[in-house]
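**Student:** What follows is a protein structure lacking sequence information:
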């Protein structure tokens, strides 16, 4: 969480109001007219508003009273937003310094002004991470959610849109956004380029047109999607019954179809695999020398944080450790430039290298890749601290508070947990190499493979009674991905032997039992 005073620009009157902004544990933000105790608000949110909140025992009376107390003036749902620093040239800020824009291509953009440059940097970091980790709408039906995600990706690919894509919100919002992007790309951008008048006038015309397009698209999409869901719900019982009845024949038919497709496409796939995966794999592996460095930095961070906790315990006993551990956990997860600064600086070098990969730049977001790794390492360290706390509590459970301060068990426990951290770090090292390789190499490979291979599988049809359950294009897509993933996995295993051996050599003392 982060809380503090900012100035927010109104959506209608466009005036600036001083508001107390709180980023919640769900990564969305509430703003208030008066200052709110951060600790009290956190307790309220965890006990009454989070998914883990216990069932009220008083019929919800206390919750309703607290909701009145903590009722915000408004809420910023940050799903799908990005943070843009003010360059003091944007009319929206009217010349005010230390501004930040929370930008969304299809929703209201938020404009806030901070109290100083240092304050702006702090809010920019917190809001950027909140935009990244804010959870989108999730369909409670896992089958329907997975089916929509697959269909959405395939629709993008059918439109010629491959690679990294940031799309969040409800299913209707995501469909509307996809259609709007396609309209802009195929029709409107050409019209915008020919608009007469000064830039400010052109920008105003574009903004008003975008609002009209958004409204024109969202209404029919809502109706069409509702009709689609109705049809799915009506046919679902029949399809589920058919799947259960014919599961054995279904699996055998799909296996045979996969074998036929593999035999038909491999002569086409192999040259593309060589050009898009095998040829670039050594170059991509050479980029990733920062990952072992980041893993090593994680050990140094863990050691420094454990020393900090031990110091607190030496002064105040176990009672002093709890609040400190909570603060350290928040710092690790939220602040890229606080406790995680050494890892962040190393991964910044990786991000710059990724940006220089001209062959892949249109397929990836270098920031998304490095932030995925940074956050994973933060969780790795946080888990180690959590295990340290558990083992320390177990080791000192029979001691008096006065004895804990003088006890040296913290060193023994820290080493024990460090061994577990080492084991997890080896796994993460390989995982992150595999992750980066797939992010870079799979999109161009799939883009070049799908079109010619789809032509080859057109004659293939499953048995008539299973045609509604088996899709040759789906089978082809799964096959193509599995082929490339096998090659990438082999490359990663070979490419990480050196870094793993180096890590084992550096921390050889952690591989021995005490």
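**Tutor:** Perfect, I can see it now. Quick caveat: nothing in here was measured; it's all calculated off a predicted structure.

**Student:** need the contact list for residue 108.
**Tutor:** Residue 108 sits next to residue 11 when contact means CB atoms under 8 Å, 6 or more residues apart in numbering. Where C-beta positions appear, they are placed from N, C-alpha and C, glycine not excepted.

**Student:** try residue 183
**Tutor:** 213, 217.

**Student:** Over to residue 222?
**Tutor:** residue 172.

**Student:** May I ask which helix or strand encompasses it?
**Tutor:** helix 199-245 (DSSP states H and E).

**Student:** cool, residue 111 as well?
**Tutor:** strand 110-113.

**Student:** Which strands or helices does that strand pack on?
**Tutor:** Counting contacts by 3 or more CB pairs under 8 Å, 6 or more residues apart in numbering; DSSP states H and E, strand 110-113 is packed against strand 2-9, strand 99-103.

**Student:** And the helix or strand just after the helix holding residue 222, what's buried?
**Tutor:** Next helix or strand after helix 199-245 toward the C-terminus (DSSP H and E): helix 247-273. Of the residues in helix 247-273, 250, 253-254, 257-258, 261-262, 264-265, 269, 272-273 count as buried by neighbour count, 16 or more other CB atoms under 10 Å.

**Student:** same thing with stretch 175-194?
**Tutor:** Applying 16+ other CB under 10 Å to stretch 175-194 flags 175-182, 184, 188 as buried.

**Student:** can you pull out the helices in the stretch 401-514 of the chain?
**Tutor:** Using DSSP state H, counting those that start in this stretch, the helices of the stretch 401-514 of the chain run over 401-406, 409-457, 472-495, 497-506.

**Student:** Show me the one of the ones you listed that comes nearest residue 110.
**Tutor:** The closest of these to residue 110 is helix 409-457. By CB to CB, the value is 29.8 Å.

**Student:** Remind me what that closest one packs against, helices and strands.
**Tutor:** helix 142-158, helix 247-273, helix 281-287, helix 290-316, helix 366-395, helix 472-495, helix 497-506.

**Student:** Give me the helices and strands touching the shortest one, please.
**Tutor:** Okay, so that is helix 281-287. helix 341-355, helix 409-457, helix 472-495.

**Student:** do the same with the fourth one
**Tutor:** Judged by 3+ CB pairs under 8 Å, 6+ apart, the packing partners of helix 290-316 are helix 321-334, helix 341-355, helix 366-395, helix 401-406, helix 409-457, helix 497-506.

**Student:** What is the burial count for residue 350?
**Tutor:** Residues near residue 350, counting by other CB atoms under 10 Å, number 23.

**Student:** And for it, nearest residue in space, chain neighbours not counted?
**Tutor:** residue 290 (4.1 Å; CB to CB, 6 or more residues apart in numbering).

**Student:** who are the neighbours in contact with that neighbour?
**Tutor:** Residue 290 touches 346-347, 349-350, 353, counting by CB under 8 Å, 6+ apart.

**Student:** Which of those ranks first by neighbour count?
**Tutor:** residue 347 (26 neighbours).

**Student:** related to what we said a few turns ago, and which of the contacts of residue 290 is nearest to residue 24?
**Tutor:** Closest to residue 24, out of all of these and judged by CB to CB, is residue 347, at 26.6 Å.

**Student:** wait, isn't the closest one in contact with residue 370?
**Tutor:** Yes: at 4.3 Å, residue 347 counts as touching residue 370 under the criterion of CB atoms under 8 Å.

**Student:** Kindly state the pLDDT recorded for residue 467?
**Tutor:** Residue 467 is assigned a pLDDT of 73 by the prediction.

**Student:** Distance of it relative to residue 461?
**Tutor:** Taking CB to CB, to the nearest Å as the measure, residue 467 falls 7 Å from residue 461.

**Student:** before we move on, what about residue 212?
**Tutor:** 45 Å.

**Student:** what about the two, which has more around it?
**Tutor:** Comparing residue 212 with residue 461 by other CB under 10 Å, the one with more neighbours is residue 461, at 12 against 9.

**Student:** Give me the pLDDT for the more buried one.
**Tutor:** 83.

**Student:** And residue 405, by the same measure?
**Tutor:** pLDDT, read off for residue 405, is 48.

**Student:** rewinding a little: let me have the buried residues of helix 247-273 in TSV, adding pLDDT and distance to residue 495 as columns.
**Tutor:** As requested, the buried residues of helix 247-273 are exported to TSV (pLDDT from 0 to 100; distance: CB to CB, whole Å):
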residue	pLDDT	distance to residue 495
250	78	38
253	83	38
254	83	33
257	87	34
258	89	29
261	92	30
262	92	26
264	93	32
265	93	27
269	94	22
272	95	21
273	94	17
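
**Student:** Over stretch 154-165, what's the mean pLDDT, rounded is fine.
**Tutor:** 73.

**Student:** which phi and psi does the nearest residue to residue 430 once chain neighbours are set aside have?
**Tutor:** Nearest residue to residue 430 in three dimensions, chain neighbours excluded: residue 496, at 5.1 Å (CB to CB, 6+ apart). The phi and psi values for residue 496, taken as degrees, to the nearest 10, are phi -100, psi 0.

**Student:** cool, residue 15 as well?
**Tutor:** Torsion angles, degrees, to the nearest 10, at residue 15: phi -100, psi 160.

**Student:** mind listing what it touches?
**Tutor:** Applying CB under 8 Å, 6+ apart, the residues near residue 15 are residue 9.

**Student:** returning to what we had before: now do the helix holding residue 222: distance to the chain's middle.
**Tutor:** 24 Å (CA atoms, centre = their mean, to the nearest Å).

**Student:** in the stretch 251-400 of the chain, which ranges drop under the pLDDT threshold?
**Tutor:** For the stretch 251-400 of the chain, the stretches flagged by pLDDT under 70 are 317-320, 398-400.

**Student:** what do you get if the cut-off is 90, keeping everything else the same?
**Tutor:** Where the stretch 251-400 of the chain drops to pLDDT under 90, the residues are 251-258, 283-289, 306-340, 355-368, 371, 375, 382-400.

**Student:** Of the buried residues of stretch 175-194, just say which sits nearest to residue 418.
**Tutor:** For these, the nearest to residue 418 is residue 177 (46.0 Å; CB to CB).

**Student:** Point me to the helix or strand that includes that closest one.
**Tutor:** helix 171-183.
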